[in-house]
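Q: Build me a model:
(2 chains)
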Protein chains: 2
Amino acid sequence: MLPGIGLFGTGDIVRALVPFLRAKGFRVEAIWGRTLEAAENVASDLSIPFYTNKVDDVLLRKDVDLVFIICQPDLHAQIAVKALGIGKHVLCDRPAGLCQVEVLKMVHASQYYPSLISVISHGLRFLPAFVNMKKYIKSGYVGTVNVCDVRVQCGSMIGNQFDWMCSHLMGGGILSMLGSHIIDIVSFVTGQRAVRVHGMMRTFTKSTNSINGIRWIDSDDFCSFQMVLDGNACVTVTLNSHIPSTFVQEVVICGSKGRLSVRGSTLYGQTNDAKKEELLHEDSEEVGGHINNGNGNGRINSLLPQPYLHGLFRMVGALKEAFATGDGEHGWLKEPVSSAATFEDGQYVQAVIDTIKLSSSSRQWEQSFIHWMQAFQFKWLSFLVLQFVKDS
Amino acid sequence: MLPGIGLFGTGDIVRALVPFLRAKGFRVEAIWGRTLEAAENVASDLSIPFYTNKVDDVLLRKDVDLVFIICQPDLHAQIAVKALGIGKHVLCDRPAGLCQVEVLKMVHASQYYPSLISVISHGLRFLPAFVNMKKYIKSGYVGTVNVCDVRVQCGSMIGNQFDWMCSHLMGGGILSMLGSHIIDIVSFVTGQRAVRVHGMMRTFTKSTNSINGIRWIDSDDFCSFQMVLDGNACVTVTLNSHIPSTFVQEVVICGSKGRLSVRGSTLYGQTNDAKKEELLHEDSEEVGGHINNGNGNGRINSLLPQPYLHGLFRMVGALKEAFATGDGEHGWLKEPVSSAATFEDGQYVQAVIDTIKLSSSSRQWEQSFIHWMQAFQFKWLSFLVLQFVKDS
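A: Have a look, this model is predicted:
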């Protein structure tokens, strides 16, 4: 049987997601909002039976088995850790947390409860264009991966009111929102991870017509970053939210034998001998029928553009499959969600984001993975201590 | 009367240029090649009356008044300085020279002979799309310039034989060949210059089917660089020569009020209030009828792609206008070529290129303009010495 769902968050993405969850057969049992009013509004609009502004009230409900954490990033870690502790499956929005130390707590919790599903909502991994891109790279279509060139152009992510998206301390900014997906998908399709990182972040729009009081926008609206991967490939990414009413995303991977590009949700390829680019995969299945159910301020296109939303929907489909049969060791099948981003993947992404921020202020290349090492050491240390306790 | 022309170089660009020069009414009097054989070949193919492999033989000819230096970059400085000294006008291919010290000699020569035309072949400055982009930026269409995002994708620049293009010491590489144009055009349209620079350069293709002996390719085939301009705008540029049989160039400039993009030779724009992008300028006039006169190895598309060639042709048109009337203080009019890149502009571009190379090896941001200061100091020093000699 499909698990009941508890939602954390009241944003546009939640409004787009709920109808889709129901279409897939999930029951949405409860919703949490930062204020009771916000929770009540969304609950009545979407006919969700229970709403609250207390985290525990959702987590402790017996009819909630799977929680979707789609609220501001500074709350992700505490809700996720608590949820796993109470025995609930967790899907957490990107970025995993505010910084590596926070995400590390989530990683430890997920390692402690391996029988629970704990995934990050990097939906692009489920988008057929990227699934196929990974397959083609693995089959040697491009040869050795040399260059990865990514460009994302979109409109402003800032809404009409001052909220967490305006503050980099609360996890806002284009690097956290879209860059996190890009860092994850590059490592997913190439199978390589960043060893050195360089970044340049800027906030050009510090105020808008509606946000011009004592509080200013300080989250990044432009970011350009470069990574050297452990297989020696070079990645260059440009994230630009100064292109109103547009969403363009292109991921180009060039290798010694050819190249692959995903533009939007379509995969193109060309080997070096070929005269012309060929269409390798086009998304024919329409999964995003519910996208226009947002409250219409248009910001959802920047916050979660079509390819991301389609990916998220497909990820929900995979979650359904995992639960539907009820087989498997813990009442769910691992296979359908095996390619989802784990909390460890989330920590890798967070490590790179933290390093880009560091590099942007130090103005030099920085090595990522400092905390990775800590995570490993921590695990080894606990392992050794446990062995010691057992032996004595 | 139009001046007679002496050509330095025997490459594909020369073959494309000569018919166009003649169509504009110039007489091509002499050609120099690195070997007598190469010079003879091109001279007989294009019916040029005189060919040689000695620089002076071209420069000392009385019927040559304007020299086009379109050969390998390590020879640019010595030919340009000598030509100006003998009293010939000079158009020099990009990059101006191998390094700033070399270009500084050219700058001094051009300052010493202000009655002679001395320009760098940054033809994009004459392309109507960029001329209009500059006008729109000046008129406030985009407001304050914040972000400039440039992407160039093309096929390999390496030919069938080992030549200077394969060696970064001799001035080869995508940064020198295409990056130089981009650095120049960004500063031309925005009116801003780089103060800090970061770059990442790579050579992924170290050998090809025909170049695989004891000599290896070490010129860069991928380069990503970032600049912070003196008006605080951020520039990010990706140059990628791993996209065979393609040439894509897009220059996007985003400001506080809107944006402008040049794709190929066409200018688009959108203000922040507008719902849709508008076409601002399309190149209707066909100036490049002679482009296919190359020797057919297709490399000209990477070495001097269509927008660059069109720009160069328009620049030749401007040179014709400058000479045609024969008015002006020195027998030519300054106005038609007033927007051309001077040797000082060439030195700025060279300063940025040198700094990108430095940054790529130091892995941190570097300040450009060190030699600029030297140039200024040198001028002031000479001025003071001259004053002192006069007075005493």
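
Q: got the CA positions of stretch A:129-145 in CSV?
A: What follows is stretch A:129-145, C-alpha atoms only, in CSV (Å, rounded to 0.1, in the frame of the first residue of the first chain):
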residue,chain,number,x,y,z
ALA,A,129,17.3,13.0,-21.5
PHE,A,130,19.8,12.8,-18.7
VAL,A,131,19.2,9.1,-18.1
ASN,A,132,20.1,8.5,-21.7
MET,A,133,23.0,10.9,-21.6
LYS,A,134,24.5,8.8,-18.8
LYS,A,135,23.9,5.7,-20.8
TYR,A,136,25.6,7.1,-24.0
ILE,A,137,28.6,8.4,-22.0
LYS,A,138,28.9,4.9,-20.4
SER,A,139,28.7,3.3,-23.8
GLY,A,140,31.7,5.4,-25.0
TYR,A,141,29.7,7.7,-27.4
VAL,A,142,31.8,10.7,-26.5
GLY,A,143,35.0,8.9,-25.5
THR,A,144,36.9,10.4,-22.6
VAL,A,145,34.9,13.3,-21.2
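
Q: Tell me which residues are up against that stretch.
A: A:124-125, A:185, A:188-192, A:229, A:231, A:233, A:251, A:253-260, A:262, A:265-267, A:269, A:271, A:280-281, A:283, A:307, A:311, A:339 (C-beta atoms under 8 Å, 6 or more residues apart in numbering or on different chains). Just so you know, the C-beta spots here come from the backbone N, C-alpha and C atoms, and that holds for glycine as well.

Q: For A:Phe162, give its distance to B:Trp365.
A: A:Phe162 sits 32 Å away from B:Trp365, going by C-beta to C-beta, to the nearest Å.

Q: Surely A:Gly6 is in contact with A:Phe26?
A: No. Using C-beta atoms under 8 Å, A:Gly6 makes no contact with A:Phe26, being 11.0 Å away.

Q: anything in contact with each of those two?
A: Between them, A:Gly6 and A:Phe26 share the contacting residues A:Leu66, judged by C-beta under 8 Å, 6+ apart.

Q: Between those two, which is the more surrounded one?
A: A:Gly6 (29 against 21; other C-beta atoms under 10 Å in any protein chain shown).

Q: can you tell me the helix or strand for that one?
A: Secondary structure from DSSP states H and E places A:Gly6 in strand A:4-8.

Q: so what secondary structure elements neighbour the helix or strand that that strand is followed by?
A: The helix or strand immediately downstream of strand A:4-8 is helix A:12-23, counting by DSSP H and E. Counting contacts by 3 or more C-beta pairs under 8 Å, 6 or more residues apart in numbering or on different chains; DSSP states H and E, helix A:12-23 packs against strand A:4-8, strand A:27-32, helix A:36-46, helix A:300-303, helix A:306-324.

Q: tell me the most buried of the ones you listed?
A: strand A:4-8 (a mean of 26; mean count of other C-beta atoms under 10 Å in any protein chain shown).

Q: Next, the angle helix A:36-46 makes with that one.
A: With axes from the mean of the first three to the mean of the last three C-alpha atoms, to 10 degrees as the basis, strand A:4-8 and helix A:36-46 are set at 140 degrees to each other.

Q: what residues does strand A:4-8 touch?
A: So strand A:4-8 is in contact with A:14, A:17-18, A:21, A:26-32, A:48, A:55, A:58-59, A:61, A:63-71, A:75, A:79, A:88, going by C-beta under 8 Å, 6+ apart.

Q: Centre of the chain to that strand, how far?
A: From the chain centre to the centre of strand A:4-8 is a distance of 18 Å (C-alpha atoms, centre = their mean, to the nearest Å).

Q: And for stretch A:9-25?
A: Distance, centroid of stretch A:9-25 to centroid of chain: 16 Å (C-alpha atoms, centre = their mean).

Q: Could I get the average pLDDT for it?
A: Per-residue pLDDT values over stretch A:9-25 give a mean of 91.

Q: Do a quick rundown of the helices in the stretch 151-300 of chain A.
A: A:174, A:180-190, A:300-303 (DSSP state H, counting those that start in this stretch).

Q: Same check on the stretch 1-150 of chain A?
A: Going by DSSP H, counting those that start in this stretch, the stretch 1-150 of chain A shows helices at A:12-23, A:36-46, A:55-59, A:73-86, A:100-112, A:128-138.

Q: Just the angle for the longest one relative to helix A:100-112, thanks.
A: Orientation note: helix A:73-86 sits at an angle of 20 degrees relative to helix A:100-112 (the same axes, to 10 degrees).

Q: how big is the angle separating helix A:73-86 from strand A:27-32?
A: Going by the same axes, to 10 degrees, helix A:73-86 makes 130 degrees with strand A:27-32.

Q: returning to that earlier point: same drill for A:Phe162 and B:Trp365, tell me which one is more crowded.
A: Using other C-beta under 10 Å, the more surrounded residue of A:Phe162 and B:Trp365 is B:Trp365, with 21 against 18.

Q: ok, and the closest non-adjacent residue to the more buried one?
A: A:Arg363 (4.1 Å; C-beta to C-beta, 6 or more residues apart in numbering or on different chains).

Q: and that neighbour, how far is that from A:Lys135?
A: According to C-beta to C-beta, A:Arg363 and A:Lys135 sit 39 Å apart.

Q: What's the end-to-end length of stretch A:261-279?
A: 10 Å (C-alpha to C-alpha, to the nearest Å).

Q: which residues touch that stretch?
A: By C-beta under 8 Å, 6+ apart, stretch A:261-279 touches A:127-130, A:132-133, A:136, A:141-142, A:248-253, A:257-260, A:280-283, A:306-307, A:310, B:243-246.

Q: Spit out the contact partners of the residue nearest to A:Gly346 when sequence neighbours are not counted.
A: Spatially, and ignoring its direct neighbours in sequence, A:Gly346 is nearest to A:Ala96 (3.3 Å; C-beta to C-beta, 6+ apart). A:Ala96 is in contact with A:76-77, A:102-103, A:106, A:120, A:343, A:346-347, A:349-350, counting by C-beta under 8 Å, 6+ apart.

Q: ok, 6 Å please
A: Contact analysis of A:Ala96 by C-beta atoms under 6 Å, 6 or more residues apart in numbering or on different chains lists A:103, A:120, A:346, A:350.
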